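Novice: predicted structure and sequence below. I'll ask about it afterward.
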Amino acid sequence: MSARSLRAVLFDLDGTLLDTVADISAALNRALAEQSLTSLPASEVRVLIGRGVPTLIERAVARLGAAGESADAARLLERFHSHYERIHELDEIQTRVYPGVTAGLAQLHALGLGLAVVTNKPKKAAVDLLTRLGLSQWIDVVVGGDSGAYRKPHPQPLLAACEELEVRPAQALMVGDSLTDVLAARAAGLAVVCVPYGYNEGADPRALPCDAFVESVAGLPALVTAADSPFGA
């Protein structure tokens, strides 16, 4: 990406903009309880997050070991979605916006950049959270895990977001917290910046092979507007 060419920023959701582990844990454990399976603490669920809910269910069953062999994975997946939706319907959400996100999105929007969320979470759930938590006013496009045929780390969701924003991949920047985000960005031809506080499937986000790190989303505007920034807006 050449300096001053940036026109759009794409964001991962879980672990980048929002800390969603409490609600994911609640929905997962309610589904597990229905099959008389052991609950998993949020600290363990945190390392299972990534690559979408089907993968979360697979990993949870594997984490249960022998006890998980009796699990009906398809039923767990169905019931997880039901419980997650119910948490939203009853306004029981515990998801929180990470520090610096609101200020960062507002400043990036003020710079005239197109902003998108590209997540493996279902689009409806993502839109609902962004609206409830006051972030939707700055987000132009949301691509969910059910928006197309592929999920990250496949490049298709990122390319779809770029197309909706009417920018070329070389004019966009991906911001995430996991190797899934980095791989998707590389495959799609986007530069990628990472935050160090996310989930990253249990691995240290600071070891990710990205182009740069920011301590929070609030640091992005300064990064992209710096005179010597390769991500210049």
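Specialist: Cool, got the structure.

Novice: can you show me the helices along this protein?
Specialist: According to DSSP state H, the chain carries its helices in the segments 21-34, 42-48, 53-63, 73-89, 101-110, 123-132, 156-165, 179-188, 220-225.

Novice: can you put those helices in JSON lines and add distance to Asp211?
Specialist: Every residue, glycine included, has its C-beta placed from N, CA and C. Formatted as JSON lines, the helices of the chain follow (distance: least, C-beta to C-beta, whole Å):
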{"stretch": "helix 21-34", "distance to Asp211": "26"}
{"stretch": "helix 42-48", "distance to Asp211": "25"}
{"stretch": "helix 53-63", "distance to Asp211": "26"}
{"stretch": "helix 73-89", "distance to Asp211": "33"}
{"stretch": "helix 101-110", "distance to Asp211": "17"}
{"stretch": "helix 123-132", "distance to Asp211": "25"}
{"stretch": "helix 156-165", "distance to Asp211": "15"}
{"stretch": "helix 179-188", "distance to Asp211": "9"}
{"stretch": "helix 220-225", "distance to Asp211": "10"}
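
Novice: quick one, what contacts Thr95?
Specialist: Shown in contact with Thr95 (C-beta atoms under 8 Å, 6 or more residues apart in numbering): Leu18, Asp19, Thr20, Ala22, Asp23, Leu129, Leu133.

Novice: and if we set it to 6 Å?
Specialist: Contacts for Thr95 were tallied using C-beta atoms under 6 Å, 6 or more residues apart in numbering; they are Leu18, Thr20, Asp23, Leu129.

Novice: ok, the first one - how many residues close by?
Specialist: Taking other C-beta atoms under 10 Å as the criterion, the count of residues near Leu18 is 25.
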